[in-house]
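Colleague: I would like to see how this sequence folds:
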Amino acid sequence: MIHYVGDIHQPLHATSRVDKEYPKGDFGGNTIHLPSKDGVTNLHALWDSVGYEFSGYAKLPFTDDAWALNGKRAEDLVARHPLSSIKVDVTNLDP
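Modeller: Here you go, the predicted structure:
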């Protein structure tokens, strides 16, 4: 579920650059290479990592420490971006 919710916010899943350089598409930014930083090497990975903030891949299954870290990250994000700061109606969550 975490993966699907995260992927909904990834615009590179819904588009592909098709041009002379990428006649078969850029595979959602995966072929747009960037200088390697914290394991991020392409545009898709940069977006997934929230601009290098959460780069790398978690080891699965999560340990208790990993769950605690993810919970702390979620709390920090909610604190930085409270619902009261959002200018649209977020009470209707029916897709």
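Colleague: show me the contacts for residue 5.
Modeller: Contacts for residue 5 (CB atoms under 8 Å, 6 or more residues apart in numbering) come out as none. In this view, the C-beta of every residue, glycine as well, is placed from N, C-alpha and C.
Colleague: that's a strand at it, yeah?
Modeller: No: with DSSP: H, G, I helix; E, B strand; the rest coil as the criterion, residue 5 is located in helix rather than a strand.
Colleague: against residue 64, how distant is it?
Modeller: Counting by CB to CB, to the nearest Å, the separation of residue 5 from residue 64 is 22 Å.
Colleague: same thing with residue 86?
Modeller: Going from residue 86 to residue 64 by CB to CB gives 32 Å.
Colleague: find the residue at the geometric middle of the chain.
Modeller: residue 48 (2.9 Å; CA atoms, centre = their mean).
Colleague: give me the mean pLDDT for the longest helix along the chain.
Modeller: The residue-count maximum for a helix in the chain (DSSP state H) belongs to helix 64-80. Here helix 64-80 scores 91 as its mean pLDDT.
Colleague: only C-alpha atoms, please: export that helix in PDB.
Modeller: The C-alpha trace of helix 64-80 is given here as PDB (Å, rounded to 0.1, in the frame of the first residue of the first chain):
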ATOM      1  CA  ASP A  64      11.400  -2.100  14.500                       C
ATOM      2  CA  ASP A  65      14.000   0.700  14.000                       C
ATOM      3  CA  ALA A  66      13.000   1.200  10.400                       C
ATOM      4  CA  TRP A  67       9.300   1.400  11.200                       C
ATOM      5  CA  ALA A  68      10.200   4.000  13.900                       C
ATOM      6  CA  LEU A  69      12.300   6.000  11.400                       C
ATOM      7  CA  ASN A  70       9.500   6.000   8.800                       C
ATOM      8  CA  GLY A  71       7.100   7.100  11.500                       C
ATOM      9  CA  LYS A  72       9.400   9.900  12.500                       C
ATOM     10  CA  ARG A  73       9.800  11.000   8.900                       C
ATOM     11  CA  ALA A  74       6.000  11.000   8.500                       C
ATOM     12  CA  GLU A  75       5.500  13.100  11.700                       C
ATOM     13  CA  ASP A  76       8.100  15.600  10.400                       C
ATOM     14  CA  LEU A  77       6.400  15.900   7.100                       C
ATOM     15  CA  VAL A  78       3.000  16.500   8.700                       C
ATOM     16  CA  ALA A  79       4.500  19.100  11.000                       C
ATOM     17  CA  ARG A  80       6.200  20.900   8.100                       C
END
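Colleague: alright, I will stop here.
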